[in-house]
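Visitor: turn this into a model:
(one chain, ligands or ions: 1)
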Amino acid sequence: MRIRFLGTTGYHPTETRHTCCIVLPDQNIVFDAGTGFFRLREHIQPGRLDILLSHYHLDHVCGLQYLIDIVHEKEIKEVHLWGPPGLDQIERLFQPPFFPLPLDQFPVKVKLHTIDKKKSFSFRGHRVKTQLFPHDDTGSLGYRLHTDGKTVVYITDTIADPESFELARNADLLLHECYFRNSMEERALETGHSYSSLVGRFAAAAKASRLALIHINPLDPEPEFCLREVMEHFQGAFLVIDNQEIDL
Ligand SMILES: [Zn+2]
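Guide: Residues are numbered from 1 along each chain as shown. Predicted structure coming up:
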């Protein structure tokens with residue numbers, strides 16, 4: 001299974017990283033739609049596209065405004081958006097003065113699926129489990145996707161809690177945010193983000209096979225520092241860069 005990192009930072013883009021967007025090119029499944037979403041057109045197939053959203057802060061959804069180009073060039077027939085409660089508000093991104101074309105006038109059918117109490121669901125044969133993690137008012141939805149014989153877990157924008165690892169248990173690949181170094185623990189707890197040692201302990205408790213660090217702090221000049229701190233607790237961690245593709 002291929003996984004391609006189209007955006008690997010949080011909050012705002014940098015010269016080398018766009019905000020969160022990760023695609024499974026062979027499955028037409030996307031995690032979050034940050035600014036890295038513009039790169040999607042090169043990495044999807046005609047047909048149906050499913051986008052799994054963690055929450056609605058703009059660094060995770062602003063890329064949805066680039067959908068028109070992408071669906072037009074790739075002959076996408078249907079777009080399905082999945083996300084926690086609040087998903088109906090996404091239509092505001094497409095209304096004046098923010099955008100000229102309302103979602104219901106798009107040249108392609110866009111269907112919204114709010115994940116409320118239904119924590120497990122399937123689409124096109126892919127099985128998904130979710131868990132709402134704490135983050136600001138709305139929380140951030142973590143996804144456990146089982147497809148092609150592999151389990152990929154996506155968790156971002158929350159304080160990793162090594163006691164609450166069930167969603168990531170035995171994952172082949174855990175994609176987890178790591179926004180702060182250990183020295184910034186206090187800032188992490190204030191802002192609802194993770195710091196290195198918690199992320200490492202979370203992956204170790206879950207017995208994940210590998211851990212890719214995502215949603216890197218755009219202001220950290222040396223993200224490798226976080227990686228070293230994570231690896232004190234979990235050896236299978238690695239740092240990804242934009243446009244990197246890995247095979248599971
Ligand atoms: Zn974020």
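Visitor: give the helix, strand or coil label for residue 71.
Guide: helix (DSSP: H, G, I helix; E, B strand; the rest coil).
Visitor: what's the burial count for it?
Guide: Using other CB atoms under 10 Å, residue 71 has 23 other residues around it. (C-beta placed from N, C-alpha, C; glycine too.)
Visitor: so it makes contact with residue 79?
Guide: Yes. Contact criterion CB atoms under 8 Å: residue 71 and residue 79 qualify, at 6.5 Å.
Visitor: quick check: neighbours shared by those two?
Guide: 49, 108 (CB atoms under 8 Å, 6 or more residues apart in numbering).
Visitor: quick one, what contacts the residue of the chain found nearest the ion?
Guide: Of all residues in the chain, residue 10 sits closest to the ion, at 3.9 Å by CB to the ion. By CB under 8 Å, 6+ apart, the contact list for residue 10 reads 19, 20, 59, 156, 157, 177, 179, 193, 215, 216, 217, 218.
Visitor: now it: closest residue in space that isn't a chain neighbour?
Guide: Leaving aside its sequence neighbours, residue 10 sits nearest to residue 215 (CB to CB, 6 or more residues apart in numbering; 4.1 Å).
Visitor: what's the distance between the one you found and residue 88?
Guide: In this structure, residue 215 and residue 88 are 25 Å apart, going by CB to CB, to the nearest Å.
Visitor: same question for residue 145.
Guide: Relative to residue 88, and taking CB to CB, residue 145 is found at 23 Å.
Visitor: what about those two, which has more around it?
Guide: Between residue 145 and residue 88, counted using other CB under 10 Å, the more crowded position is residue 145 (24 against 10).
Visitor: so which bits of this protein are right by the ion?
Guide: 10, 59, 157 (CB under 5 Å from the ion).
Visitor: how about 6 Å then?
Guide: Residues of the chain lying close to the ion (CB under 6 Å from the ion) are 10, 57, 59, 60, 157, 215.
Visitor: export the residues you listed to CSV and append columns for pLDDT.
Guide: Formatted as CSV, these follow (pLDDT from 0 to 100):
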residue, pLDDT
10, 96
57, 96
59, 96
60, 98
157, 96
215, 97
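Visitor: including distance to residue 235 and secondary structure, could those residues go into JSON lines?
Guide: JSON lines is the format used below for those (distance: CB to CB, whole Å; DSSP: H, G, I helix; E, B strand; the rest coil):
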{"residue": "10", "distance to residue 235": "25", "secondary structure": "coil"}
{"residue": "57", "distance to residue 235": "32", "secondary structure": "coil"}
{"residue": "59", "distance to residue 235": "30", "secondary structure": "helix"}
{"residue": "60", "distance to residue 235": "29", "secondary structure": "helix"}
{"residue": "157", "distance to residue 235": "25", "secondary structure": "coil"}
{"residue": "215", "distance to residue 235": "21", "secondary structure": "coil"}
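Visitor: looking at those, which one is closest to residue 129?
Guide: residue 157 (18.3 Å; CB to CB).
Visitor: before we move on, what SS does the closest residue to residue 155 other than its chain neighbours have?
Guide: Spatial nearest neighbour of residue 155, chain neighbours left out: residue 142 (4.0 Å); criterion: CB to CB, 6+ apart. At residue 142, secondary structure determined by three-state DSSP is strand.
Visitor: quick one: contacts for residue 142?
Guide: Residue 142 sits next to 54, 130, 131, 132, 133, 153, 154, 155, 156, 158, 167, 168 when contact means CB under 8 Å, 6+ apart.
Visitor: the nearest residue to the last one once chain neighbours are set aside: how many residues sit nearby?
Guide: So the one you mean is residue 168. Spatial nearest neighbour of residue 168, chain neighbours left out: residue 206 (3.8 Å); criterion: CB to CB, 6+ apart. Using other CB under 10 Å, the number of residues around residue 206 comes to 23.
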